[in-house]
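A.B. asks: No sequence on hand, only this structure:
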């Protein structure tokens with residue numbers, strides 16, 4: 001009997017152990033199943049927009065052409081505002097903001113749009129107008145402009161959405177390809193089902209595919225969300241043509257009906273003006289002369305002047321137009337950046353130049369602002385825009401001197417200059433300059449490349465090719481106690497006759513260099529080596545061939561007095 005009871009107890013223990021084991025297996029299975037389900041089930045978590053987009057109170061997202069910008073906009077008093085950086089970088093670089101005087105400018109053919117901060121009042125030319133909202137707001141010391149105001153002068157389309165507050169902007173006017181959504185699905189922050197849901201899309205909605213990542217694609221919705229969805233949810237593609245009823249402003253220009261044969265006449269005092277008859281007598285075929293008469297003289301837009309009515313009268317009697325030059329280099333105390341960037345100073349400068357042009361019956365103004373800082377770039381362009389309007393209304397030709405395009409001078413924006421200025425003068429020289437290593441001032445390859453690069457920004461009929469009458473004599477002097485052959489380099493600028501005299505006096509032999517389109521000479525004197533790439537009628541002819549082959553508007557020569565008289569016959573042959 002006792003044995004039977006013990007057997008029953010053993011059975012109970014075994015059953016209990018089996019039950020516990022079974023329970024552990026079931027619990028473990030449920031845990032594993034739950035883990036598996038959790039691992040492979042899509043997340044239902046939705047995006048916290050404020051955290052994800054780092055939106056502060058009052059800020060809105062900006063979606064521009066299927067990208068979310070880092071910069072945020074504002075939604076104030078029922079109006080969308082974007083920062084000046086966004087406006088200038090993405091929408092319309094022609095707007096100009098004067099941070100110092102808090103003035104917004106936009107140049108139209110009929111006049112300048114002028115708006116001050118924190119007001120709905122503005123002017124177009126001299127006409128007063130009122131917007132239905134504040135045009136420019138200053139928030140945390142940053143300028144924001146009403147998008148609806150900017151859109152009056154900008155070829156864009158845009159829409160505003162809520163949750164989150166955002167504005168979707170595009171400047172694309174063309175056929176746009178969309179992909180329809182095959183079935184209801186989600187757009188997630190990242191590729192993968194565990195990523196938070198940015199937004200829901202429905203069957204038939206249109207999205208733009210930006211990138212493909214295995215089974216996921218990056219997309220942009222029509223209302224501006226950029227995220228990821230499953231590739232399997234993509235349907236058919238379709239296109240839509242967007243057309244605009246915006247009319248681009250047309251800025252008129254003065255264009256001469258002759259090939260421009262222009263020469264710069266360096267004038268440093270009034271006595272030099274009295275020599276104009278002999279100066280012109282030594283030339284042939286010159287139809288435009290540019291005396292260096294004006295220069296910036298203070299930070300308020302004042303100019304110094306060497307202009308002469310007698311000089312102009314004599315030139316006109318000879319059938320020669322006068323395009324007086326204004327420079328920023330003579331008075332080193334003047335802050336050119338300040339003059340250009342401050343509206344009141346820039347206005348004064350424009351008015352002074354146009355008043356002088358009218359007073360002296362000038363045919364044109366030649367702007368020669370060199371060595372500008374990058375910070376002056378937008379102010380310089382606005383100066384050209386505003387000056388062009390007043391020049392055009394007074395029949396005055398506006399030409400602007402420019403370096404060959406290079407990475408360090410992109411802010412000169414020759415393409416924008418060409419919209420407003422009548423002529424772009426390409427100073428195709430100083431390939432090698434005082435302080436650089438030795439070399440040609442204007443080799444043929446350099447001139448050709450400079451022309452080709454400028455043609456990418458300005459049309460041929462507006463480009464005047466600047467050609468040097470001077471060269472540089474390079475002096476290479478070995479350094480004392482040098483064991484590695486190092487030497488110091490110095491140079492001096494010489495006119496054609498002086499250069500030839502130096503070479504002849506030292507018995508040097510000329511060598512024609514096809515790649516440079518110049519004669520080269522070298523000689524030793526007093527322990528130094530002298531090198532020179534000569535300018536003469538042959539090198540000038542090669543450069544004028546470039547002018548002719550690219551159908552440029554003409555040529556200009558720096559400077560009168562550096563040339564040999566015989567060179568004018570060569571020039572005349574290309575100016576007929």
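C.D. replies: Now that the structure is in, tell me what you want to look at. Bear in mind that the values here come from a model prediction, so they are computed numbers and not experimental data. Numbers count the residues shown, from 1 in each chain.

A.B. asks: any idea how far residue 540 is from the closest residue to residue 363 other than its chain neighbours?
C.D. replies: Spatially, and ignoring its direct neighbours in sequence, residue 363 is nearest to residue 321 (3.8 Å; Cβ to Cβ, 6 or more residues apart in numbering). In this view, the C-beta of every residue, glycine as well, is placed from N, C-alpha and C. Noted for residue 321: a distance of 22 Å to residue 540, by Cβ to Cβ, to the nearest Å.

A.B. asks: Between the two, which has more neighbouring residues?
C.D. replies: The neighbour comparison of residue 321 against residue 540 (other Cβ atoms under 10 Å) goes to residue 540, with 26 against 20.

A.B. asks: State the helix or strand in which the more buried one lies.
C.D. replies: Element membership for residue 540, per DSSP states H and E: helix 537-549.

A.B. asks: what's around the residue lying closest to residue 297 once chain neighbours are set aside, how many residues?
C.D. replies: Nearest residue to residue 297, sequence neighbours excluded (Cβ to Cβ, 6+ apart): residue 304, at 4.2 Å. Neighbour count of residue 304, defined by other Cβ under 10 Å: 15.

A.B. asks: swap in residue 46?
C.D. replies: 12.

A.B. asks: packing partners for the helix or strand the residue nearest to residue 297 falls within?
C.D. replies: Assigning secondary structure by DSSP H and E places residue 304 in strand 303-305. The contact analysis (3 or more Cβ pairs under 8 Å, 6 or more residues apart in numbering; DSSP states H and E) places strand 303-305 against strand 288-296, helix 343-359.

A.B. asks: from the chain's centre, how far out does it sit?
C.D. replies: Using Cα atoms, centre = their mean, to the nearest Å, the mean C-alpha position of strand 303-305 is found 30 Å from that of the whole chain.

A.B. asks: ok, that strand: who's next to it in the sheet?
C.D. replies: strand 288-296 (antiparallel) (DSSP bridges).

A.B. asks: before we move on, the earlier item: what residues of the helix holding residue 540 count as buried?
C.D. replies: Residues 537, 539, 540, 542, 543, 544, 546, 547 are the ones in helix 537-549 that count as buried (16 or more other Cβ atoms under 10 Å).

A.B. asks: Does anything pack onto it? Which helices or strands?
C.D. replies: Short answer (3+ Cβ pairs under 8 Å, 6+ apart): helix 537-549 packs on helix 444-455, strand 463-468, strand 518-525, strand 554-558, helix 567-574.

A.B. asks: Quickly note the distance from the nearest residue to residue 320 once chain neighbours are set aside to residue 151.
C.D. replies: Leaving aside its sequence neighbours, residue 320 sits nearest to residue 289 (Cβ to Cβ, 6+ apart; 5.5 Å). Between residue 289 and residue 151 the distance is 46 Å, computed by Cβ to Cβ.

A.B. asks: Now do the strands in the stretch 1-150 of the chain.
C.D. replies: 59-64, 67-68, 73-76, 79-83, 96-98, 103-108, 111-116, 121-124, 127-130, 136-139, 142-146 (DSSP state E, counting those that start in this stretch).

A.B. asks: can you tell which of those is closest to residue 285?
C.D. replies: The closest approach between residue 285 and any of these, judged by Cβ to Cβ, belongs to strand 103-108 at 36.2 Å.

A.B. asks: Give the partner strands of the closest one in its sheet and their orientations.
C.D. replies: strand 96-98 (antiparallel), strand 111-116 (antiparallel).

A.B. asks: got the contact list for residue 178?
C.D. replies: Residue 178 makes contact with 206, 207, 208, 222, 237, 238, 239, 240, according to Cβ atoms under 8 Å, 6 or more residues apart in numbering.

A.B. asks: What is the neighbour count of the third one?
C.D. replies: One way to gauge burial is a neighbour count; for residue 208, by other Cβ under 10 Å, it gives 16.

A.B. asks: Can you find the helix or strand of this protein with the lowest average pLDDT?
C.D. replies: helix 2-40 (a mean of 63; mean pLDDT, DSSP states H and E).

A.B. asks: Now for the residue nearest to residue 320: which residues touch it?
C.D. replies: Contacts of residue 289 (Cβ under 8 Å, 6+ apart): 262, 263, 264, 265, 280, 315, 320, 321, 322, 323, 560.

A.B. asks: Check residue 74 too.
C.D. replies: 58, 59, 60, 80, 81, 82, 137, 139, 144.

A.B. asks: Buried only: go through the residues you listed for me.
C.D. replies: By 16+ other Cβ under 10 Å, the contacts of residue 74 give 59, 60, 80, 81, 82, 137, 144 as buried.

A.B. asks: List the contacts of the fourth one.
C.D. replies: Right, the one you point to is residue 81. Applying Cβ under 8 Å, 6+ apart, the residues near residue 81 are 73, 74, 75, 137, 144, 145, 146, 147.
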